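Colleague: Provided below for reference: sequence and predicted model.
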Amino acid sequence: SGIGLPVSITMRTAPSRNSGVYVRCLEPMNPNFPCNHGLHATRGRTLLTQLEAASKAADDLAGAVEEAFPQHPDAEVLLSFPGLGFQLGARLLAEIGDDRTRFADARGLKAYAGSSPITRASGKRSSVTRRRVKNDRLNHAGYLWAFSAITASPGAKSHYRRRRDEHGDWHAAAQRNLFNRMLGQLYHCLQNRKLFEEETAFPTQLAVAA
């Protein structure tokens with residue numbers, strides 16, 4: 001028989017990433033076109049082997065991060081912030097670096113992360129837009145951080161809701177604003193070797209929530 005069109009493959013992963021991937025080969029997508037099942041079965045097994053190897057490598061890297069990150073001098077400060085764990089905290093540290101002189105102030109770090117907006121003015125008109133030139137990896141980590149902080153910190157959640165309800169921000173814009181605020185707090189804490197304090201970080205939001 002000819003090679004034909006590829007068969008349809010359905011995959012589902014078990015609860016644990018390394019507990020196996022199960023594949024069910026269905027009929028060819030075009031029943032009237034001959035298909036070499038042996039060829040596609042071999043191809044499927046090859047892809048699954050590569051997927052399992054990549055999954056194991058990711059788990060090994062995660063394990064190495066969980067072992068090494070807590071030993072870094074900045075780990076205690078990073079882990080004191082709501083929404084940051086070993087993996088995300090290590091990712092932020094890797095992008096920000098541990099050279100405290102790298103950024104002259106918090107504004108420099110925020111611009112680097114793309115969390116602070118850009119205001120353009122011309123005559124009587126002005127516009128506020130998000131930054132296009134930024135560290136995309138740090139920016140994405142910040143999006144995940146803000147998302148986690150909303151559920152981990154009452155002050156962060158209140159700040160997010162205020163941006164949505166009072167300022168009319170869309171979800172992504174409100175999260176970016178929260179990331180911008182918390183990144184400034186992180187800069188201050190790293191510079192002064194202080195841990196995150198909920199009451200200091202969001203005094204107004206906590207008062208309103210109460």
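Modeller: Nice, I can see it.

Colleague: for whatever helix or strand Leu183 lives in, packing partners?
Modeller: Assessed by DSSP states H and E, Leu183 sits inside helix 171-192. On a contact count with 3 or more Cβ pairs under 8 Å, 6 or more residues apart in numbering; DSSP states H and E, helix 171-192 meets helix 75-79, helix 106-113, helix 136-152, helix 154-165. Placement of C-beta: from N, CA and C, glycine included.

Colleague: quick one: which of the ones you listed is nearest Leu48?
Modeller: Minimum separation from Leu48 across these (Cβ to Cβ) falls at helix 136-152, 28.1 Å.

Colleague: what angle do the closest one and helix 171-192 make?
Modeller: 100 degrees (axes from the mean of the first three to the mean of the last three Cα atoms, to 10 degrees).

Colleague: Extract the C-alpha trace of helix 136-152 and format it as PDB.
Modeller: What follows is helix 136-152, C-alpha atoms only, in PDB (Å, rounded to 0.1, in the frame of the first residue of the first chain):
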ATOM      1  CA  ASP A 136      10.100  39.100  26.800                       C
ATOM      2  CA  ARG A 137      11.100  36.300  29.200                       C
ATOM      3  CA  LEU A 138      10.900  38.600  32.200                       C
ATOM      4  CA  ASN A 139       7.700  40.100  31.000                       C
ATOM      5  CA  HIS A 140       6.100  36.700  30.700                       C
ATOM      6  CA  ALA A 141       7.300  35.700  34.100                       C
ATOM      7  CA  GLY A 142       5.800  38.800  35.500                       C
ATOM      8  CA  TYR A 143       2.400  38.000  33.900                       C
ATOM      9  CA  LEU A 144       2.500  34.600  35.700                       C
ATOM     10  CA  TRP A 145       3.600  36.200  38.900                       C
ATOM     11  CA  ALA A 146       0.800  38.700  38.900                       C
ATOM     12  CA  PHE A 147      -1.700  36.000  38.100                       C
ATOM     13  CA  SER A 148      -0.500  33.900  41.100                       C
ATOM     14  CA  ALA A 149      -0.300  36.900  43.400                       C
ATOM     15  CA  ILE A 150      -4.000  37.800  42.800                       C
ATOM     16  CA  THR A 151      -5.000  34.600  44.700                       C
ATOM     17  CA  ALA A 152      -2.100  34.600  47.200                       C
END
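
Colleague: Buried residues, it. List them.
Modeller: Neighbour counts over helix 136-152 (16 or more other Cβ atoms under 10 Å) mark 138-139, 141-150, 152 as buried.

Colleague: same question, stretch 101-114
Modeller: By 16+ other Cβ under 10 Å, the buried positions in stretch 101-114 come out as Phe103, Ala106, Leu109, Lys110, Ala111, Tyr112, Ala113, Gly114.

Colleague: contact partners of that stretch?
Modeller: 95-96, 116, 130-136, 138-139, 142, 179-180, 183-184, 187-188 (Cβ atoms under 8 Å, 6 or more residues apart in numbering).
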